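> Have a look at this prediction, sequence included:
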Amino acid sequence: MNLPAFYKRARKNKAALTRFLKKLEDIVPEDFPPIVEEEDKKVWQKVDCTTCANCCKTMTPTYSKEDIQRIAAHFSMSTAAFKEKWLMQDAESKDWVNTSTPCQFLAADNRCSIYEIRPVDCAEFPHHHKRPFDDYTETYLGNIDRCPATNLLIENLNERVEREYEW
Ligand code: SF4
Ligand code: SF4
């Protein structure tokens, strides 16, 4: 993944993709769910997360109580020691998040060193599978200039809907 090229593209298409996602909050084109499925499959044929890891490098997951218990146990640590070593509580949301980026569990080969027991938030990222898709426009708005997969999906959906629908 060429991240500088991605950032350049994301700067260029941000306004158009934001317009599309905002419109999607009000109008959902007919037959939208199967279009999302088709376009998402195409995205994952092109994007390989192991050459990117931009989410792990630049963002933090939120850790649920269960995530913290599971991962702390893996390291034979108490949850208090685990929090003390790696986490802080977000002032506004009160969510437990990483103290620093890149994530401490990101290995040198761009893979997650705790993949099998990673936070549920990581396992669900970039949330393309969530339904109804148009309920997650705020999430995608926050990620279109961070996640190449989300940017490509929203770009493809925008092009396809503009081409095939009058809305
Ligand atoms: S989910 Fe998005 S940001 Fe994370 S590694 Fe995959 S393409 Fe990159
Ligand atoms: S726990 Fe793993 S998947 Fe989640 S941000 Fe850290 S390195 Fe990435």
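In hand now; what should we look at? Numbers count the residues shown, from 1 in each chain. Ligands and ions are numbered 1, 2, ... in the order given.
> Stretch 83-102 near ligand 2 anywhere?
No. Between stretch 83-102 and ligand 2, judged by CB under 6 Å from any ligand atom, nothing touches; the nearest distance is 7.3 Å. Every residue, glycine included, has its C-beta placed from N, CA and C.
> quick one: contacts of that stretch?
For stretch 83-102, contacts defined as CB atoms under 8 Å, 6 or more residues apart in numbering pick out 53, 56-64, 68, 77, 104.
> from those, which are also near ligand 2?
Within those, those near ligand 2 by CB under 6 Å from any ligand atom are 56, 61.
> Now tabulate the contacts of stretch 83-102 in CSV and tack on pLDDT, secondary structure and neighbour count.
As requested, the contacts of stretch 83-102 are exported to CSV (pLDDT from 0 to 100; DSSP: H, G, I helix; E, B strand; the rest coil; neighbours: other CB atoms under 10 Å):
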residue, pLDDT, secondary structure, neighbour count
53, 97, coil, 19
56, 98, helix, 24
57, 97, helix, 14
58, 97, helix, 13
59, 97, coil, 19
60, 97, coil, 22
61, 97, coil, 22
62, 98, strand, 17
63, 98, strand, 26
64, 98, coil, 14
68, 98, helix, 19
77, 98, coil, 16
104, 98, coil, 14
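> quick one: contacts for the spatially most central residue of the chain?
In the chain, the centroid-proximal residue (CA atoms, centre = their mean) is residue 126; its distance is 2.9 Å. Contact analysis of residue 126 by CB under 8 Å, 6+ apart lists 55, 143, 147, 149, 150.
> any idea which of the residues you listed is the one closest to residue 117?
Compare each of the contacts of residue 126 with residue 117 using CB to CB and the shortest gap goes to residue 55, at 17.4 Å.
> give me the number of residues near that closest one?
For residue 55, the count of nearby residues is 23 (other CB atoms under 10 Å).
> hmm, who's touching the helix or strand hosting residue 158?
For residue 158, the host element (DSSP states H and E) is helix 148-164. Here helix 148-164 makes contact (CB under 8 Å, 6+ apart) with 1, 3, 6, 9-10, 13, 16-17, 20-21, 29, 32, 35-36, 39-40, 42-44, 46-47, 49, 52, 54, 126, 128, 140, 143-145, 167.
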